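> give me coordinates for this.
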Amino acid sequence: MTDARPPAMFIADALGLDFLNSAAMPQDTPVEWLGSGDDLLAWLRQAKLVPAQVLDEARAGAGPGELDAVAAQARALREWFRGFVREHRGRPLDAQAVAQLEPLNRLLARDEGFGQVGAAPSDGDGVAAGLQWMRLRRWRSPDALLQPIAEAMAELLTGADFSQVKACEGPACTLLFLDTTRGHKRRWCNMAVCGNRAKQAAHRERLAQRP
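Now for the predicted structure:
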């Protein structure tokens, strides 16, 4: 069956916010990109958060309903985090905010990530570039797929200026983004969509005001 939904949107300049945008109203109609286990795998693939081989193995090895259950966990995590972001966006986070982050820290504590020293990628001439520090993960169960999402959320919380987390000014738009522009003047999720609509609305208003 053909998927009538538009592609998932990655416009936030922060994967932790792109995760929140996996449920949105980009064209005045609600869209859910994490509605099932297959949806979750597709979103993770588009986000490049999980290696393609791991996603293929998860699909092949999961029992009936397992991936759908993980997708339900992802949706619950998303809506909890949406509440946190709505409460705190627009101002810097302080240390007191950690008291509200227990659900995220519980999830992160289940991670089976580990570090190793390995060979760095060779250059264009095939010459080894030396050694590199690598972060790897054991994917023992389907719910391990939530760990890269949790990491993206943690990176947003600890590495981004929360005062620049903004909501699109489109009247019906629900998308969030991190304003990384030089003057911090970004107003729209996408100039081609909500920005263009605003320009058209302003133009119609000017025409209506003419004598």
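
> and the strands in this protein?
Assigned by DSSP state E, the strands in the chain fall at 23-24, 31-32, 113-119, 131-137, 165-167, 176-178.

> what are the pairing partners of the fourth one, and which direction each?
Each strand that strand 131-137 pairs with, and the sense of that pairing, follows from DSSP bridges: strand 113-119 (antiparallel).

> and the strand it pairs with, what's buried?
Buried residues in strand 113-119, counting neighbours by 16 or more other C-beta atoms under 10 Å, are absent. No exception for glycine: its C-beta is placed from N, CA and C like everyone else's.

> which residues are contacting that strand?
Here strand 113-119 makes contact (C-beta atoms under 8 Å, 6 or more residues apart in numbering) with Ala128, Gly130, Leu131, Gln132, Trp133, Met134, Arg135, Leu136, Arg137, Arg138, Gln147.

> excluding chain neighbours, give the residue nearest to the last one in space.
Okay, so that is Gln147. Excluding its sequence neighbours, the residue lying closest to Gln147 (C-beta to C-beta, 6 or more residues apart in numbering) is Asp111, at 4.9 Å.

> again with the fourth one
Distances taken as C-beta to C-beta, 6+ apart place Ala120 nearest to Gln132, at 4.1 Å, with adjacent residues excluded.

> quick one, grab the pLDDT at Leu146.
At Leu146, the model reports a pLDDT of 98.

> that one touches Ala69, doesn't it?
No: the pair Leu146 / Ala69 is not scored as a contact, 11.1 Å apart, by C-beta atoms under 8 Å.

> let me know the closest of the contacts of strand 113-119 to Val98.
Closest approach between the contacts of strand 113-119 and Val98, by C-beta to C-beta: Gln147, at 19.5 Å.
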